[in-house]
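Q: below are the sequence and a predicted model; questions follow.
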Amino acid sequence: MDNLIFSLDIGTRSIIGLVAEYLGDGVINVYASSIREHKRRNMYDGQIHDIEAVARTVKEIVDDLENQTGLKLKNVSIAAAGRALKTKKIFIEKDIIPSRLITNRDIEMLDLEAIQKAQGQINENSNESNYYSIGHSVVDYYLNGDRIDKLQDHRGEKIGVELLVTFLPQIVVESLYSVIAKVGLEVSTITLEPIAAINIAIKEELRLLNLALVDIGAGTTDIAITRAGQIIAYAMTSTAGDEITEELARKLLLDFNTSEALKVKLSEVHEHEFIDIVGINHHAKTEEIVHQLEEIINKIALEISEKILEYNDKPPSAVFLLGGSSQMPGLREAIAGRLNLKKERVSIRDIYNEKNIHGLDEKGPHMITPVGIVLEGSKGMDRHFINIEFNGQEIKIFNMDSIKVSDVLVLTKFSPRDLLPKRGKDFVYYLNDEKKVIRGKEGTVPEVLINGVQASLQTTIYNGDKLEITESIVDNNETIKLYDILPRERYIIFEDRRIKTIKSILVNGQPAEANMEIPEEARIVTDEIISLRDFINSYSSLTNKFLVNGVEVHMDYILKDGDYIERVMVKQDSREEKPKEGKFIKLVINSKIERFKYFKDKFVFTDVFDYIDFDLSKVQGKLVLKINDKDAGYTDELNNGDILDVYWK
């Protein structure tokens, strides 16, 4: 009998103990069972308040089971209450580089940042011990504010994610361990009550469906929602069986214990006899009593339905009810109505219907969780906590079905930024008094290693594994040379002559040597031919006409490397009058002071475009022209000192 498993379901109203054996293929033989109610309220909403009193009740169960089996019980499988879990819906959005494809690591880091943000909010609003993440599911991804199924390989400016993240407070586990230690037992396995219940109530082949498991206990109602083979959310409502008991006591003038006994009988018999606190004997039918409880039944159904919709965003495919209070007449129908489901889609799961469970005398939906704890206990002795080494530090983690590297990073508050390559120091210099920056080069990409082997944030981690995240290595000793800043040679061609456009270079006031090393904060000054006007002023006369690459361009055309400039001689006709002397006009155009020479009687707005670099051929919206902050037209005359604004709107 070495394979026997001792399971305890420590509930708010009662404690259930089983000694059983798992035979494989879902078959369980139960050899002994024991149920004890708390003598007083030692637990509230699944949380142990009086450890000593709960330990005494557990000891009674242990003694009873040892007497039934003739065995000495040493190890026990237990479960943490689902009502202790908290599920947080969180949304984050972050900027990304538009030109770069979104990678799987970008998505993993986005999820990790969302989980850590949710964890921070949970811990900030809690007066108890810290909560840590035990699982999450993606609700939606977003690209540039719009929902998208998959982010990978897209480009955009912003990515976002909405997650459902579930957290467990450490204090819940600690109080359970304290009770077990007081009765001289050791915890062999620990799971969560909703997981234990699902193992029995919802077969594995059904878990791909969107289902809600609702455990209606005495103090609270626990809800677990499944989708795609996993539990995506946990929730809890504060209304449950005790509210029905209390309402029954008020309506019929009964003490709490009599009211509780009557409530249980409502699902078993059709006629009832009871005595109120005044001593009057009553006879009533079930439907008459239930009619008086319609308000509280509808309230419980409403709260359950609202919680399911809050975390599932829509009615599930089906709802499975567990717990003693799930048998309350009219409750199943009320939940179905609130969720707009057919009545048969809301089902009470009773251990009686489980053909693979043998030897269990006590039947009912309240027995599903204890049997589920047996099944969880059969999976091995390493189900409670696992120990790993993370960057040389020992870490203990509550063991769920699958622990990923990302779960460890959330627990340890590892910054997602440390998964990105670091960038080297920026290099700053000044070119012709304008500050310039050469961004530091990216360092190595941090590696995720498990036992020295390359892994990812989604890799499953096991007991005893060594997890390491290497640091990004950057090179801050890189030197910047002159030709990293300026071209080795840039020239134009004029009359078949190659003319260097950079005439001279000074670095910190001294002539530059060929491809010399440039110190930080260096001031570089160049004597350079930049525009066609600069070239003409240096090499020719304004009386000539010039073409660049065979095309006539304006005087402020920016010369490019290799441009071909040719001069077209303008012949003077002796019969024509001498050209008038040019006039000068000084204008402020888009906050820049400009001075132009012209040969017309008047200078109008449209003439400006012959001098400035503004391409009218590429329409980019509505063209706005303003003179001295007033709307203007192409033919408006300009005067010396006018302030012009020219832009696309």
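A: Yep, that arrived.

Q: strands along the stretch 251-400 of the chain, start to end?
A: 271-275, 281-285, 318-322, 346-348, 357-358, 385-390, 393-398 (DSSP state E, counting those that start in this stretch).

Q: out of those, flag the one nearest Asn257.
A: strand 271-275 (11.4 Å; Cβ to Cβ). In this view, the C-beta of every residue, glycine as well, is placed from N, C-alpha and C.

Q: on that earlier part again, and of the strands of the stretch 251-400 of the chain, who's closest to Tyr634?
A: Of all the strands of the stretch 251-400 of the chain, strand 385-390 comes closest under Cβ to Cβ, at 70.0 Å.

Q: from the strands of the stretch 251-400 of the chain, which stretch is densest packed?
A: Burial of the strands of the stretch 251-400 of the chain is given as mean neighbour count (mean count of other Cβ atoms under 10 Å); strand 318-322 ranks first at a mean of 25.

Q: tabulate the strands of the stretch 251-400 of the chain (a markdown table), appending mean pLDDT.
A: Converted to a markdown table, the strands of the stretch 251-400 of the chain look like this (pLDDT from 0 to 100):
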| stretch | mean pLDDT |
| --- | --- |
| strand 271-275 | 93 |
| strand 281-285 | 93 |
| strand 318-322 | 92 |
| strand 346-348 | 91 |
| strand 357-358 | 88 |
| strand 385-390 | 80 |
| strand 393-398 | 75 |
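
Q: can you put those in TSV and add distance to Val62?
A: Supplementary listing: the strands of the stretch 251-400 of the chain in TSV, determined by distance: least, Cβ to Cβ, whole Å:
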stretch	distance to Val62
strand 271-275	35
strand 281-285	41
strand 318-322	25
strand 346-348	31
strand 357-358	22
strand 385-390	23
strand 393-398	25
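
Q: so for Leu623, which of those strands sits nearest?
A: Proximity to Leu623 (Cβ to Cβ) singles out strand 385-390 among the strands of the stretch 251-400 of the chain, at 60.9 Å.

Q: what's that closest one in contact with?
A: Contacts to strand 385-390, defined as Cβ atoms under 8 Å, 6 or more residues apart in numbering, come from residues 190, 394-399, 403, 408, 412, 461-468.

Q: now which of the residues you listed would you call buried?
A: 190, 397-399, 403, 408, 461, 465, 467-468 (16 or more other Cβ atoms under 10 Å).

Q: wait, which of those residues is closest to Tyr234?
A: Phe398 (14.0 Å).

Q: returning to that earlier point: just the ones of the buried ones among the contacts of strand 385-390 in helices?
A: Val408 (DSSP state H).

Q: distance between stretch 166-179 and the chain's centre?
A: 25 Å (Cα atoms, centre = their mean, to the nearest Å).

Q: how far away is Thr220 from Tyr234?
A: Per Cβ to Cβ, to the nearest Å, Thr220 is found 12 Å from Tyr234.

Q: now do Gly330
A: Counting by Cβ to Cβ - Gly330 and Tyr234 are separated by 26 Å.

Q: which one's more surrounded, the two?
A: Shown here are Gly330 and Tyr234; by other Cβ atoms under 10 Å, Tyr234 has more neighbours (28 against 17).

Q: what pairs with the host helix or strand of that one, parallel or antiparallel?
A: Per DSSP states H and E: Tyr234 is located in strand 230-237. If you go by DSSP bridges, strand 230-237 pairs up with strand 221-227 (antiparallel).

Q: now do the buried residues in the strand it pairs with.
A: Result for strand 221-227 [16+ other Cβ under 10 Å]: buried residues 221-227.

Q: how about JSON lines for these, with pLDDT added?
A: What follows is the buried residues of strand 221-227, written out as JSON lines (pLDDT from 0 to 100):
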{"residue": "Thr221", "pLDDT": "86"}
{"residue": "Asp222", "pLDDT": "84"}
{"residue": "Ile223", "pLDDT": "87"}
{"residue": "Ala224", "pLDDT": "85"}
{"residue": "Ile225", "pLDDT": "87"}
{"residue": "Thr226", "pLDDT": "85"}
{"residue": "Arg227", "pLDDT": "83"}
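
Q: could you export those residues as CSV, including distance to Leu625?
A: Shown next, in CSV, are these (distance: Cβ to Cβ, whole Å):
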residue, distance to Leu625
Thr221, 70
Asp222, 70
Ile223, 65
Ala224, 67
Ile225, 62
Thr226, 65
Arg227, 60
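
Q: nearest to Val269, of those residues?
A: Nearest to Val269 among the buried residues of strand 221-227, with distances taken as Cβ to Cβ, is Thr221, at 25.0 Å.

Q: am I right that the closest one is in contact with Asp215?
A: Yes. Taking contacts as Cβ atoms under 8 Å, Thr221 lies within contact range of Asp215: 6.8 Å.

Q: give me the common contacts of these two.
A: Gly323.

Q: which SS state does the residue lying closest to Asp610 once chain neighbours are set aside fall under?
A: Using Cβ to Cβ, 6 or more residues apart in numbering and skipping the chain neighbours, the partner closest in space to Asp610 is His554 (5.2 Å). The local conformation at His554, judged by DSSP: H, G, I helix; E, B strand; the rest coil, is coil.

Q: OK, contacts around His554?
A: Per Cβ under 8 Å, 6+ apart, neighbours of His554: 532, 609-613.

Q: just these: which are in helices?
A: Reading helices off the contacts of His554 with DSSP H, I get Leu532.
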